[in-house]
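**Q** fold the following for me, if possible:
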Amino acid sequence: MLKAIYTKRYGKALVAAILVILGVFALQTVSIVRTWHSNHEWLHSAQFKKEFMMDPKAYGDYDYDKKGNEIVNEYTLEEYIEKESYLFMDDSSSSVGPEELIPADLSYMRYGGSSFIVATVIVALCGFLLFFVDQKTSFNRFLFSLGVSRKQLFKGKLLYGAVPLFAAFVLGLLGSGIGLRLGIPHPYLNISFVQLVSSGLMGLVTCFFFFGISCFCGVMLGNLVFGPVAYALFLWSLQLLPNMLGGLSELIYYLMHHKYLPDRLNYFYGNGFPRLYTFDLRKDPFSWPEPVLLLLVSGLLLFWAYRKYQTLSLEHDGEFLLYPESRWPIWSLTVLYLTLFAIFGYARVWSPYIYDQLDPETGWDYSFAEALGTSIFLLVVAIAVSTLLLFFGPLTKWLREKRAQSNPKLIEK
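**A** Predicted coordinates:
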């Protein structure tokens, strides 16, 4: 029965989302292969050879020696063509050779796209709407009248709503990998099969992380206006989560060792790129802290949503938080997240202080008192914002009651 109900309810929207996910992966793969072949044809054209021979230095890599003098690493025509034919490049914007010759964590795809990001956003939005829309359209009233346990209702939403989306995501990944293997000849597709699979799995974990958070928000939020706004802002803030965790790790390491955090120990942000999420094919070596953290957080939030869904009361529909008994736990988490986000993700309050302490010649001149004062101010702001969001209704009710007690005429009216 549930299968028929959910299929009728979500079927058309799911088909549309699945087609978009598969289409995005297919279009990006075709674009990468076509762009590679176009570039390959240009590199072997007579016009390019003529332009190269006119000024070979213009095609060299610029660097600096130990004295700070600019130097140019020149290439022959054959070397430059070979170098520019590899799909993956290092972070100095020059192509890399065979995969074993370059540290894997320094490379990224030359013709990268946004299929992972688009597909992840679609899956995340579906996770939020799967619960939020049913609450706002009173479909939950119908579901609760079926005589089916809420555990089954929740599991059915995941089985018939989420599983097809993740199946489409996996098929898109497989199709993209096969398309790149068939479209770009060896050795120019300089990524191994293991790295390709590892990158795909990390992309899947990233997608599950955003899906779990979205389901949690869809179950917990009830206000038609502020619910989606809060969810959208929260989703946007997660892009700075790698910076936030990297900045927090930097401060902890400084307090423990009085040194800069080595890049190899910064599991969340390093080499100028976020490491926590995977939104494209990468050659990074497998690292366990990132997927474990993402799976742990999303799993806990999904379980929390699963438990709360069983106690959902329709009388609180329209409130910002559908579960009044969860206000204080959510308030605590919101204050913690907003504080860490502001201090370490957005403003990076403590980084100038650390630079000033370890390398005074940098000229930061940022004292401990300034960093602590700014942190306390941001904490107060986080408390104020969290309190207004989660206790606005009870606060206004309390103020009305106090006002009525002080002015009995209001009660008569």
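**Q** can you classify Leu146 by secondary structure?
**A** Classification of Leu146 by DSSP: H, G, I helix; E, B strand; the rest coil places it in coil.
**Q** would you mind measuring from it to Lys155?
**A** 14 Å (Cβ to Cβ, to the nearest Å). (Each C-beta comes from the backbone N, C-alpha and C, glycine too.)
**Q** A strand includes Leu224, no?
**A** No - looking at Leu224 with three-state DSSP, it is coil, so not inside a strand.
**Q** leaving out chain neighbours, which residue sits closest to it?
**A** Leaving aside its sequence neighbours, Leu224 sits nearest to Lys136 (Cβ to Cβ, 6 or more residues apart in numbering; 5.8 Å).
**Q** repeat that for Val385.
**A** Using Cβ to Cβ, 6+ apart, the nearest residue to Val385 is Leu338, at 6.3 Å.
**Q** quick check: which element contains that neighbour?
**A** Here Leu338 sits within helix 327-340, counting by DSSP states H and E.
**Q** contacts for that helix?
**A** The contact list for helix 327-340 (Cβ atoms under 8 Å, 6 or more residues apart in numbering) reads 220, 244, 248, 321, 375, 378-379, 381-383, 385-387, 389-391.
**Q** now the helix or strand that comes right after that helix: how far from the chain's centre is it?
**A** Where DSSP H and E defines the elements, the next helix or strand beyond helix 327-340 is helix 351-358. In terms of Cα atoms, centre = their mean, to the nearest Å, the centre of helix 351-358 is set 28 Å apart from its chain centre.
**Q** mind giving me the packing neighbours of helix 351-358?
**A** Helix 351-358 sits against helix 241-257, helix 368-406, with contacts defined as 3 or more Cβ pairs under 8 Å, 6 or more residues apart in numbering; DSSP states H and E.
**Q** relative orientation of the last one and helix 327-340 in degrees?
**A** Note on geometry: by axes from the mean of the first three to the mean of the last three Cα atoms, to 10 degrees, helix 368-406 and helix 327-340 are set 150 degrees apart in direction.
**Q** show the pLDDT at the residue nearest to Val385.
**A** As predicted, Leu338 sits at a pLDDT of 95.
**Q** likewise for Pro360?
**A** 72.
**Q** just to revisit the earlier point, okay, the helices and strands packed on helix 351-358 in TSV with mean pLDDT next?
**A** Below are the helices and strands packed on helix 351-358 laid out as TSV (pLDDT from 0 to 100):
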stretch	mean pLDDT
helix 241-257	86
helix 368-406	86
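**Q** would CSV of the ones you listed with distance to Val163 be doable?
**A** As requested, the helices and strands packed on helix 351-358 are exported to CSV (distance: least, Cβ to Cβ, whole Å):
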stretch, distance to Val163
helix 241-257, 26
helix 368-406, 33
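**Q** which of the three states applies to Phe52?
**A** Applying three-state DSSP: Phe52 is helix.
**Q** measure it to Val148 for me?
**A** Phe52 is 70 Å from Val148, by Cβ to Cβ.
**Q** those two: who's more crowded?
**A** Phe52 (17 against 14; other Cβ atoms under 10 Å).
**Q** ok, the more buried one touching Glu84?
**A** No - counting by Cβ atoms under 8 Å, Phe52 sits too far from Glu84 to count as a contact (10.7 Å).
**Q** looking at this protein, which helix or strand does the model trust least?
**A** The helix or strand of the chain with the lowest confidence, counting by mean pLDDT, DSSP states H and E, is helix 408-412 at a mean of 54.
**Q** neighbours around Ala230, how many?
**A** Neighbours of Ala230 (other Cβ under 10 Å): 18.
**Q** look up phi and psi at it.
**A** Dihedral pair for Ala230: phi -60, psi -40, per degrees, to the nearest 10.
**Q** I'd say it and Leu221 touch.
**A** Yes - using Cβ under 8 Å, Ala230 is in contact with Leu221, at 6.5 Å.
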